[in-house]
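> This is a predicted model, with the sequence first.
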Amino acid sequence: MRATPVMPVLDVAAIRADFPALDQLVHGRPLVYLDNAATTQKPRAVLDAMQRYYEQDNANVHRGVHTLSERATEAYEGAREKVRTFVNAASVREVIFTRNATESINLVARAWGDANVGAGDEVLITAMEHHSNIVPWQLLAERTGARLRVAPIDDRGDVVLDEFARLLTPRTKIAAFVHVSNALGTVNPVVEMTRLAKQAGAAVLVDGSQAAYHMAVDVQAIGADFYVFTGHKLYGPTGIGVLYGREAVLDAMPPFLGGGDMIRTVTFEGSTWNDLPYKFEAGTPYMAGAIGLGAAMDYVSRIGFEAIGAHETALLERATAALGGEPGVRLIGTAARKASVLSFVMDGIHPHDIGTVVDREGVAIRTGHHCAQPVMDRYGIPATARASFAMYNTVNEIDTLVAAIRRVRALLG
C-alpha cells in the first residue's frame, strides 16, 4: 500500500520571530496583521541585507572600478540572478528591475504596445483586473485607436473561459490578465489562458503580484511573453518590482525611459541602446531594493512554497468556514481555486466601519474597492472588507478576526 504523502509543516512561531513588526500592540492588543494582499511585513533578513548595503557597500553600480562600486554591482546583479532562479527565467537578460508591477505593466503598454498596437486592434483583459492592469491599456487604446475588450467573470469569481476564448480574435494583439485576484482571491488557469491567447496569435502579459508570495512561479511553464510582480508583497521592500519578458520580445522593443546606463553611445545626432536588461533600466537603480528583494526570495525559498501553500490554504479554509457561517456576512469571491484572500460584506454595515471597529480589536484588514472598482460593480457593492493571509498568520488570529467581526455586529448591527 502506498503511503500518504506528509505535507511539510511550518514552524509559524519561529517565522513570526523573524518579523519585528508583528511584535507590537495596537490599541493595547497584540497586532493581528491580515492586510497582506496590500503589503507583507518584512523579515529581519531583508532589513539586515538593506542596512548592510547602505552601511558597507553604498555606491552606484556598473559605473565604478573602485571596491564599493564593484561590491554593489555584484550584490545588485546577484539579486537579478536570484529573481531569474525564483521564476525560472531562461536568462538574466529577461529580468528587468522596475519600481513596482504597475510600472512594469506601463513599460509593456508603452514600449511594446506603442510599437505593436494600432487602430482597429484589440487588447483583451478580464473583469477581475486591478486598476494597474486596466488603465495602462485604456491609455494605449486612446493613443492608438485600439479597442479594450473585457472577458466576464461569473458569480463565484472565475473567468468565463468560453467567453475569454470567444473574445480572442485575429485583432487581439495582447491578452493581459491577473494570476491571482487581489479582490477575490481567484487563482486563474494562466497556463490554459496563455495557450488560448497564443493560439489566437496574441502576446500575453500576466500580473503575478498576488501570486509570487503564495506559490511557485515558472514563467517558462506558463509561456507568457511578460510576467510582472512587485517586491513589497513578497516580503521585500517597497519601490522595487520586476518585469520578466521573453528575451526575443524585449530585444525587439524600443526603450521605455531614456538616460544613463540604458545607452551604448550618445551623440547630439543620436544614441544607441545598451544590451538587455539595461536597455530598460535608465538612471541610478534602487540597488538596496533589489538586494532586499533578493534576500526576501532567499528567505521564502528556504521555507518552501509547499509548506507555505499548505499552511495558507488551511488558514483560508478555516476563515472561510468561520466567517461564512456568521449571521449577516456574505463572502465575495467563492471560486473553487483561491489563494489567501477573503473578501466579505456585512448586512447594513459599511466596510469602512467594519475596518474601524476591528482595528480597535488590534486586527488590521483592508476595506474599500481594492483598486478593483469594476469587480465591485460586478457584485453591485461599493466596497468589501478583505482579510488576507501570509505564512506568519496563525489559526488563533483567524479566531481573533471572527471575534472582532462579532464585535462589529454587536456594536453596529
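That came through, no problem.
> okay, residue 264: pLDDT?
Residue 264 carries a pLDDT score of 89 in this model.
> and it, what element?
strand 263-267 (DSSP states H and E).
> Packing partners of that strand?
strand 270-273 (3 or more C-beta pairs under 8 Å, 6 or more residues apart in numbering; DSSP states H and E). Where you see a C-beta, it was placed from the backbone N, CA and C, and this is true even at glycine.
> partners of the strand it packs on, with directions?
strand 263-267 (antiparallel) (DSSP bridges).
> And the contacts of the partner strand?
271-275 (C-beta atoms under 8 Å, 6 or more residues apart in numbering).
> Kindly recompute the last result at 6 Å.
271-272, 274 (C-beta atoms under 6 Å, 6 or more residues apart in numbering).
> Now that strand: buried residues?
Along strand 263-267, these residues count as buried under the neighbour rule (16 or more other C-beta atoms under 10 Å): residue 263.
> where's it relative to the chain centroid, distance-wise?
Strand 263-267 has its C-alpha centroid displaced from the chain centroid by 34 Å (C-alpha atoms, centre = their mean, to the nearest Å).
> again with stretch 51-60
Taking the mean of its C-alpha atoms, stretch 51-60 sits 27 Å from the chain's own mean (C-alpha atoms, centre = their mean).
> With only the CA atoms kept, save it in PDB.
Only the C-alpha atoms of stretch 51-60 are listed here, as PDB (Å, rounded to 0.1, in the frame of the first residue of the first chain):
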ATOM      1  CA  GLN A  51      21.100  48.000   6.100                       C
ATOM      2  CA  ARG A  52      24.300  46.200   5.300                       C
ATOM      3  CA  TYR A  53      24.300  47.600   1.700                       C
ATOM      4  CA  TYR A  54      23.900  51.200   3.000                       C
ATOM      5  CA  GLU A  55      26.500  50.700   5.800                       C
ATOM      6  CA  GLN A  56      29.200  48.900   3.800                       C
ATOM      7  CA  ASP A  57      28.600  48.900   0.100                       C
ATOM      8  CA  ASN A  58      26.800  52.100  -0.700                       C
ATOM      9  CA  ALA A  59      27.900  53.100  -4.200                       C
ATOM     10  CA  ASN A  60      26.500  53.300  -7.700                       C
END
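> Can you mark which positions in that stretch are buried?
Result for stretch 51-60 [16+ other C-beta under 10 Å]: buried residues 53, 57, 59-60.
> Domain boundaries for this structure, per the record?
Split into domains by automatic domain parsing, the chain comes to 12-30+304-412, 47-301.
> end-to-end on the longest one?
If I follow you right, that is domain 47-301. 17 Å (C-alpha to C-alpha, to the nearest Å).
> before we move on, back to that, can you pick the most crowded of the contacts of strand 263-267?
Highest neighbour count within the contacts of strand 263-267, by other C-beta atoms under 10 Å: residue 274, with 19 neighbours.
> picking up where we left off before, rebuild the domains of the chain as a markdown table, extending it with distance to residue 40.
As requested, the domains of the chain are exported to a markdown table (distance: least, C-beta to C-beta, whole Å):
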| stretch | distance to residue 40 |
| --- | --- |
| domain 12-30+304-412 | 5 |
| domain 47-301 | 5 |
